[in-house]
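J.: A predicted structure for the sequence below; I have some questions about it.
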Amino acid sequence: MSSLPVVNQPPHRCGALLGQLTRRLQTRSESVLTPLGLRPRHLIALTVLRDQGGSSQQDLAKTLEMDGTNVVGLLNDLEAENLIERRRSPVDRRRHVVELTDVGAKLLARAEFALAAVEDEVFSGLTDEQRETLYELLQQATNKTNIEACREALPPTC
């Protein structure tokens, strides 16, 4: 069987290397988050709430791209640990507003500090300048992918 030539492809493929780095980052990240009582999905929700200054449960579900029922379970976990607070919206009593508590903000800061150490370890073979370049390239790739996905969507969703 003869193989077909690959046309217009870069000489090096990045997918496998990115996958390896992702697995290494995930494994190390989970090892520092677990003692803090956090899972990656908790960290993401706390980060979104901090960055947005709070959110309705419905908006949070959209941002996290999660089913509303799963978001309720996630918020139950976080509320049980006093990391978030839910209360009725003063504007619309049918909605809940979710905000980060001081305890949640402090734990998030600890988690981010621990994760920064993980990145320092995983990317120790790169200089600060190379890490910044990698970050910029990954942002470009991510932004291009998001823009293309928006163009392909029938109704404008992005």
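T.: Cool, the structure landed. Numbers count the residues shown, from 1 in each chain.
J.: In the chain, where is pLDDT below threshold?
T.: Counting by pLDDT under 70, the ranges of the chain that qualify are 1-6, 10, 144-158.
J.: So which residues of it form helices?
T.: 15-33, 40-52, 57-64, 68-80, 102-122, 128-152 (DSSP state H).
J.: Between those helices, which one is closest to V91.
T.: helix 57-64 (13.0 Å; CB to CB). All C-beta spots, glycine's among them, are computed from the backbone N, C-alpha and C.
J.: buried ones in that closest one?
T.: By neighbour count, with 16 or more other CB atoms under 10 Å as the criterion, the buried positions of helix 57-64 are Q57, L60, A61, T63, L64.
J.: Output it in PDB with nothing but the alpha carbons.
T.: The C-alpha trace of helix 57-64 is given here as PDB (Å, rounded to 0.1, in the frame of the first residue of the first chain):
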ATOM      1  CA  GLN A  57     -26.600  30.900  37.800                       C
ATOM      2  CA  GLN A  58     -27.900  30.900  34.200                       C
ATOM      3  CA  ASP A  59     -25.100  33.100  32.900                       C
ATOM      4  CA  LEU A  60     -22.500  31.000  34.800                       C
ATOM      5  CA  ALA A  61     -23.900  27.900  33.100                       C
ATOM      6  CA  LYS A  62     -23.500  29.500  29.700                       C
ATOM      7  CA  THR A  63     -20.000  30.800  30.400                       C
ATOM      8  CA  LEU A  64     -18.900  27.400  31.700                       C
END
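J.: Show residues contacting that helix.
T.: 41, 44-45, 48-49, 52, 55, 67-68, 70-72, 74-75, 86, 95-96, 98 (CB atoms under 8 Å, 6 or more residues apart in numbering).
J.: Neighbour count says what about those? Which are buried?
T.: R41, A45, V48, L49, S55, V71, L74, L75, H96, V98.
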